[in-house]
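A.B. asks: Sequence and computational prediction follow.
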Amino acid sequence: MSKASTRTHEAIADDALEFVEYGKNYSCWLAALMTAIGNELDGCAGKDKAAARLSTAKDLASLGAFLAQDCENYLEHHAGNLRRELNRGSAQ
């Protein structure tokens with residue numbers, strides 16, 4: 001038997017809680033990014049200043065998109081693993 005098939009439901013649930021905490025942290029980071037974008041776009045006085053702020057806001061938005069996709073992929077992968085473990089345990 002492989003190590004994964006012998007894990008208890010409690011151990012799997014513990015991992016699931018860890019992944020929820022990971023998602024919570026990512027959400028906080030994304031909220032901070034969105035706040036930074038909003039702050040960057042506030043008070044765009046003057047054409048040069050507005051262009052610089054817009055460029056920074058676009059960079060921050062790209063970072064936010066990357067973080068969101070990374071988090072989605074990470075959680076989807078690990079949720080699938082946990083689901084398979086639970087299904088294996090239920091089938092035995």
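C.D. replies: In hand now; what should we look at? Numbers count the residues shown, from 1 in each chain.
A.B. asks: Confidence-wise, which helix or strand of this structure is lowest on average?
C.D. replies: Least confident element among the helices and strands of the chain, by mean pLDDT, DSSP states H and E: helix 47-91 (a mean of 87).
A.B. asks: Please compute how far it lies from its chain's middle.
C.D. replies: 4 Å (Cα atoms, centre = their mean, to the nearest Å).
A.B. asks: repeat for stretch 78-92
C.D. replies: The answer for stretch 78-92 is 22 Å, by Cα atoms, centre = their mean.
A.B. asks: got the buried residues for it?
C.D. replies: Of all the residues in stretch 78-92, those buried under the rule 16 or more other Cβ atoms under 10 Å are Leu82, Glu85. Where you see a C-beta, it was placed from the backbone N, CA and C, and this is true even at glycine.
A.B. asks: how many neighbours does Ala51 have?
C.D. replies: Using other Cβ atoms under 10 Å, Ala51 has 11 neighbouring residues.
A.B. asks: Then Arg53?
C.D. replies: 19.
A.B. asks: Then the one 3 residues further on?
C.D. replies: For Thr56, the neighbour count with other Cβ under 10 Å is 14.
A.B. asks: correct me, but it touches Leu41?
C.D. replies: No: judged on Cβ atoms under 8 Å, Thr56 makes no contact with Leu41 at a distance of 9.1 Å.
A.B. asks: Does anything pack onto the least confident helix or strand of the chain? Which helices or strands?
C.D. replies: Helices and strands touching helix 47-91, by 3 or more Cβ pairs under 8 Å, 6 or more residues apart in numbering; DSSP states H and E, are helix 9-41.
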